[in-house]
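Participant: quick one: sequence and predicted model below, then my questions.
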Amino acid sequence: MLQQSPYLLYADGNGNIYEDETLYAIGRAGWDALPVPIEDWIELPEGGNLYELPQRRGIGIDVNTGQMRLCEKGWAVAAFIPPAHTGLFLAAYESFPDAPTLPLFCYTAVGWQNNTIYVPAVRIERDIRQECVGYNDKEIKRGAKNLLEQYAHNRLVQHLMQNCCNTYHCPAARNFALGRWECPVPTSPACNANCIGCISFQPAEETIVSTQDRLTFKPTAEEIVEFTVPHLLNAPYPIVSFGQGCEGEPLLMWETIRDAIIEIRKHTSKGSININTNGSKPDAVAALCKAGLNSIRVSTNSAQKSIYTRYYRPNNYEFEDIIESLKVVHEHGGWSSINYFVFPGVTDSVEEYEALRKLIKTTNLSMIQWRNFNIDPDWYLGQINLAETGEMLGVKQLQELIHDEFPNVKFGYYNPPIERMKGNYEIDFAH
């Protein structure tokens, strides 16, 4: 337990990071720089990284005067915190007018004390499925090679192993190569939203680039069934999961997904069939539930229609459709989650809290996946035209309030396996 706030970190532009013992590290929520409660700092979890933020000066609290000021020694530094952890504060900095837009990563506050890197975060998920220590590169390469040979004519397996696993090191694809847990099944090269921070497609004129290339073909139901059935039969805590970061919107391919689910269930009743989606087509979701879909995860940056619409920029659907999709899954006895993009200062505003309460009540939500929002903070707030973020509760207090009022709503970071949904949520997962 820290006895004082950690010191601010800065970068010299040449790949070196130093501590500034004249400044205590602070955080950011919305547009505001704020002190971080000492109890919110934890050691940077394994798998975390540090980023230099070019053309940006870090903001800290002077250890002598107690006043906030800029660190003029170098560029600001932020942390990437690994999956299963939710950041409580963003990095605090002031940008130069010509500062480049930051890539699509999360930018959590960070500090240094006693030869240890600290971040303000909580572990929200006990499942270990994406822990760095659990990935053996030699085993992954061997597993990928075997799959590429075994499914030489399956375009989807080739895509998952060559692009997702071997090129982008996608954790889900790597787990598939290892024959365990959640198996990714991208299906759609197209999308019906124009998300500002889309990780698989950015317009040529945009200042940021997508982090990976999008799927370029439409797989057949036969291609899907060929490798998902063995996974469900043999993997521990198996999940087949449509809708991945390397594709558009899977509900645009719902007929293919429906046919695949029907065929999969002819072969095995084991495991869970999930879809990660924007929830834009409730009728399609209903058809998938009738075919055997077990769970849905609907992504959203906000429970407020205005903020959602400014970010997602939907085509031919509205915010109300995503609410309806969540309701449909509950009505069919399935597990409904939201993939909730956490942005301190927006997610924990009083208005957002009230909207989230309404969403939970309206949909009988099963779970909130508290995901760190991978986006340049200044750019995001500017793009959605949010000049004022209003009164803030704090991310940790928001989580406590929601848990107290809705104790049956589970918190986590990943789609749960069927054993966890229908058994003991506290023990039935990868560990």
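Facilitator: Sure thing, it's come through.
Participant: per-residue pLDDT, the closest residue to P54 other than its chain neighbours?
Facilitator: Residue nearest to P54 in three dimensions, not counting chain neighbours: W75, with 5.6 Å by C-beta to C-beta, 6 or more residues apart in numbering. To be clear about C-beta, it is placed using only N, CA and C from the backbone, and glycine gets the same treatment. On the pLDDT scale, W75 is placed at 98.
Participant: and W75, how far is that from R56?
Facilitator: Using C-beta to C-beta, to the nearest Å, we find W75 at a distance of 6 Å from R56.
Participant: repeat for Y311
Facilitator: On the measure of C-beta to C-beta, Y311 and R56 end up 23 Å apart.
Participant: counting neighbours, go ahead and name the busier of the two.
Facilitator: Relative neighbour count places R56 above the other of Y311 and R56, with 24 against 21, counting by other C-beta atoms under 10 Å.
Participant: now L326, what's its secondary structure?
Facilitator: Here L326 takes the helix state, with states given by DSSP: H, G, I helix; E, B strand; the rest coil.
Participant: tell me which stretches of the stretch 301-431 of the chain form strands.
Facilitator: 335-342, 367-372, 410-412 (DSSP state E, counting those that start in this stretch).
Participant: one step back: and the residue nearest to P54, its phi and psi?
Facilitator: Dihedral pair for W75: phi -80, psi 160, per degrees, to the nearest 10.
Participant: show me what contacts it?
Facilitator: Going by C-beta atoms under 8 Å, 6 or more residues apart in numbering, W75 touches 10-13, 52-58.
Participant: so what's the residue nearest to the spatial centre of the chain bridging to?
Facilitator: By C-alpha atoms, centre = their mean, the chain has its centre lying nearest to R371, at 4.1 Å. Note on R371: beta-bridge partners F341, judged by DSSP bridges.
Participant: tell me how far it lies from N339.
Facilitator: In this view, R371 and N339 are 6 Å apart by C-beta to C-beta.
Participant: any common contacting residues for these two?
Facilitator: Counting by C-beta under 8 Å, 6+ apart, R371 and N339 have no shared contacts at all.
Participant: can you tell me the SS state at G66?
Facilitator: Following three-state DSSP, we place G66 in the coil state.
Participant: P103 versus that one, what's the distance?
Facilitator: To P103, G66 is 34 Å away according to C-beta to C-beta.
Participant: between these two, which one's more packed in?
Facilitator: Neighbour count, other C-beta under 10 Å: between G66 and P103, P103 has more, with 14 against 9.
Participant: pull the contacting residues for the residue nearest to K327 when sequence neighbours are not counted.
Facilitator: Closest residue in space to K327, ignoring its immediate chain neighbours: T363 at 5.1 Å, by C-beta to C-beta, 6+ apart. By C-beta under 8 Å, 6+ apart, the residues touching T363 are 323, 326-327, 330, 336.
Participant: apply 10 Å and report the result again.
Facilitator: 298, 322-331, 336, 338 (C-beta atoms under 10 Å, 6 or more residues apart in numbering).
Participant: now for these: which two are most distant?
Facilitator: E331 and I338 (16.7 Å; C-beta to C-beta).
Participant: more neighbours: those two, which one.
Facilitator: Per other C-beta under 10 Å, whichever of E331 and I338 has more neighbours is I338, with 26 against 13.
Participant: in the stretch 151-300 of the chain, where is pLDDT below threshold?
Facilitator: By pLDDT under 70, the low-scoring segments of the stretch 151-300 of the chain are 199-200, 203-212.
Participant: and the helices in it?
Facilitator: Remark: helices assigned in the stretch 151-300 of the chain by DSSP state H, counting those that start in this stretch are 155-159, 171-177, 221-234, 254-267, 282-291.
Participant: elements contacting the shortest one?
Facilitator: If I follow you right, that is helix 155-159. Under the contact definition 3 or more C-beta pairs under 10 Å, 6 or more residues apart in numbering; DSSP states H and E, helix 155-159 sits against helix 137-150, strand 182-185, helix 221-234.
Participant: so what does the last one touch, helix or strand wise?
Facilitator: Spelled out, it's helix 221-234. If you count contacts as 3+ C-beta pairs under 10 Å, 6+ apart, helix 221-234 packs onto helix 137-150, helix 155-159, helix 171-177, strand 182-185, strand 239-242, helix 254-267, strand 272-277.
Participant: quick one: distance of it to the chain centre.
Facilitator: Helix 221-234 sits 25 Å away from the centroid of its parent chain (C-alpha atoms, centre = their mean, to the nearest Å).
Participant: so it versus helix 137-150, what angle?
Facilitator: Relative orientation of helix 221-234 and helix 137-150, computed by axes from the mean of the first three to the mean of the last three C-alpha atoms, to 10 degrees: 140 degrees.
Participant: so which bits of helix 221-234 are buried?
Facilitator: Within helix 221-234, the residues scored as buried using 16 or more other C-beta atoms under 10 Å are 221, 223-232.
Participant: could I get these as TSV with distance to N315?
Facilitator: Converted to TSV, those look like this (distance: C-beta to C-beta, whole Å):
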residue	distance to N315
A221	25
E223	27
I224	25
V225	30
E226	32
F227	31
T228	29
V229	34
P230	36
H231	33
L232	33
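Participant: closest one of the residues you listed to G248?
Facilitator: Using C-beta to C-beta, those come closest to G248 at I224, 16.2 Å.
Participant: isn't the closest one right next to I264, touching?
Facilitator: Yes - counting by C-beta atoms under 10 Å, I224 touches I264, with 7.8 Å between them.
Participant: before we move on, back to that, which one, of the helices of the stretch 151-300 of the chain, ends up nearest to T187?
Facilitator: Minimum separation from T187 across the helices of the stretch 151-300 of the chain (C-beta to C-beta) falls at helix 254-267, 6.1 Å.
Participant: tell me how many other residues crowd E39.
Facilitator: A count of nearby residues for E39, using other C-beta under 10 Å, gives 10.
Participant: now do the phi/psi pair for it.
Facilitator: phi -70, psi -10.
Participant: repeat that for the one 3 residues further on.
Facilitator: Main-chain dihedrals, I42, degrees, to the nearest 10: phi -130, psi 160.
Participant: beta-bridge partners for it, please?
Facilitator: Taking DSSP bridges as the rule, I42 bridges to V119.
Participant: hmm, A79 and it touching each other?
Facilitator: No - contact criterion C-beta under 10 Å: I42 and A79 do not qualify, at 11.0 Å.
Participant: okay, these two: which has more neighbours?
Facilitator: Neighbours around I42 and A79, counted as other C-beta under 10 Å, are more numerous at A79. The numbers are 26 against 17.
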